[in-house]
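K.L.:
mind looking at a prediction? Sequence and model below.
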Amino acid sequence: MNTTPSVHEHIVRSYDEELQRLTGELQRMGQLALAQLRGAIDAVMQRDSDAAGRIARADAAIDALEHDISHDVVRLLALRQPVARDLREVLAALRIATDIERIGDHAANVAKRSIVLNQSAPVQLAASLPRLASLAESLVTDVLAAYRDDDTVKALAAWARDEALDEHYTGLFRELLTYMMEDPRNITPCTHLLFMAKNLERIGDHATNIAENVYFLVSGAQIAEARRKGDATSLLPLDDPR
């Protein structure tokens with residue numbers, strides 16, 4: 001009996017290996033972005049400008065991985081011409097890579113802002129950033145796990161938690177406005193903290209994008225509900241910080 005694998009089996013095995021490598025690259029990229037986020041917050045809290053500078057420069061590694069993944073996706077589309085679930089998997093990889101790259105950018109922005117913030121006296125509300133960062137980190141961790149495990153339940157749970165991150169950001173926004181209005185000397189450092197908090201809020205948005213892509217990848221359908229937003233900062237009157 002002929003047990004030599006057919007050409008078709010070789011092609012299928014080769015294609016599966018390429019998809020697995022793509023998934024592995026995305027997971028590695030995601031872990032780098034998480035390390036960026038943790039390092040940026042540590043640099044903020046320790047007022048360590050040297051560490052912040054290293055975090056900002058390390059963003060180039062994430063950008064390089066995103067470029068490699070984009071190249072791999074284009075090659076897969078051209079050579080394999082995937083359809084159905086395979087096509088969703090390749091396109092999801094491209095979209096997820098873009099969101100992870102932006103997460104790395106936002107973490108680098110936090111680090112860069114901290115260097116400037118260190119030129120001012122410490123601001124008490126800087127201690128509120130780790131809580132916001134923890135919520136963002138948890139979202140990113142969970143959506144990466146959902147992608148790895150093809151888990152729509154975990155993806156939906158993370159998707160829903162973005163609202164809590166938005167609400168925490170809104171609360172911090174209100175507090176920072178109050179500080180700025182109470183003492184004009186707080187305006188410059190609090191402005192930097194506002195930008196840093198906004199970057200963390202945006203990380204949550206990109207994690208939510210990944211959750212939506214995971215859900216579509218696995219189910220072939222969009223999430224039925226509209227995305228819930230808890231960011232009310234655009235509705236706050238600047239002359240009333242209550």
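P.N.:
Ah, there it is.

K.L.:
chain center to the helix or strand containing residue 163, what's the gap?
P.N.:
Counting by DSSP states H and E, the element that carries residue 163 is helix 152-182. In terms of CA atoms, centre = their mean, to the nearest Å, the centre of helix 152-182 is set 15 Å apart from its chain centre.

K.L.:
go through it and flag the buried ones.
P.N.:
Taking 16 or more other CB atoms under 10 Å as the neighbour-count basis, helix 152-182 is seen to contain the buried residues 152, 154-156, 158-159, 161-163, 165-166, 168-173, 175-177, 179-180. The way it works is simple: take the backbone N, C-alpha and C, and place the C-beta from them, glycine included.

K.L.:
what about the strands in the chain?
P.N.:
Under the criterion DSSP state E, the chain contains no strands.

K.L.:
of all the helix elements in this structure, which one is longest?
P.N.:
Selection of the longest helix in the chain by residue count, based on DSSP state H, yields helix 7-46.

K.L.:
now that helix: buried residues?
P.N.:
Neighbour-count burial for helix 7-46 flags 18-19, 22-23, 25-26, 29-30, 32-44 (criterion: 16+ other CB under 10 Å).

K.L.:
likewise stretch 125-145?
P.N.:
Residues of stretch 125-145 classed as buried under the neighbour-count rule (16+ other CB under 10 Å) are 125-126, 128-130, 132-140, 142-145.

K.L.:
can you check stretch 66-76 too?
P.N.:
Judged by neighbour count using 16+ other CB under 10 Å, the buried positions of stretch 66-76 are 66, 69, 72, 73, 76.

K.L.:
now for the residues you listed: which two are most distant?
P.N.:
The most widely separated members of the buried residues of stretch 66-76, counting by CB to CB, are 66 and 76 (15.6 Å).

K.L.:
quick one: low-confidence ranges for the protein?
P.N.:
Regions of the chain meeting the criterion pLDDT under 70 cover residues 1-12, 230, 234-242.

K.L.:
keep only those of the buried residues of stretch 125-145 that are in helices.
P.N.:
Using DSSP H, 129-130, 132-140, 142-145 are the members of these that sit in helices.

K.L.:
and residue 97, how far is that from residue 197?
P.N.:
Shown here: residue 97 relative to residue 197, a distance of 26 Å by CB to CB, to the nearest Å.

K.L.:
make that residue 165, sorry
P.N.:
For residue 165 relative to residue 197 (CB to CB), the value is 11 Å.

K.L.:
any common contacting residues for those two?
P.N.:
By the contact definition CB atoms under 8 Å, 6 or more residues apart in numbering, residue 165 and residue 197 are jointly contacted by residue 132.

K.L.:
who's in contact with residue 109?
P.N.:
Residues touching residue 109, when contacts are defined by CB under 8 Å, 6+ apart, comprise 195, 196, 199.

K.L.:
out of these, grab the one that's most surrounded.
P.N.:
Neighbour counts for those, by other CB atoms under 10 Å, peak at residue 196, which reaches 26 neighbours.

K.L.:
verify the stated contact: residue 93 with residue 69.
P.N.:
Yes. With contacts defined as CB atoms under 8 Å, residue 93 counts as touching residue 69 at a distance of 6.5 Å.

K.L.:
which residues are common contacts for these two?
P.N.:
22, 26.
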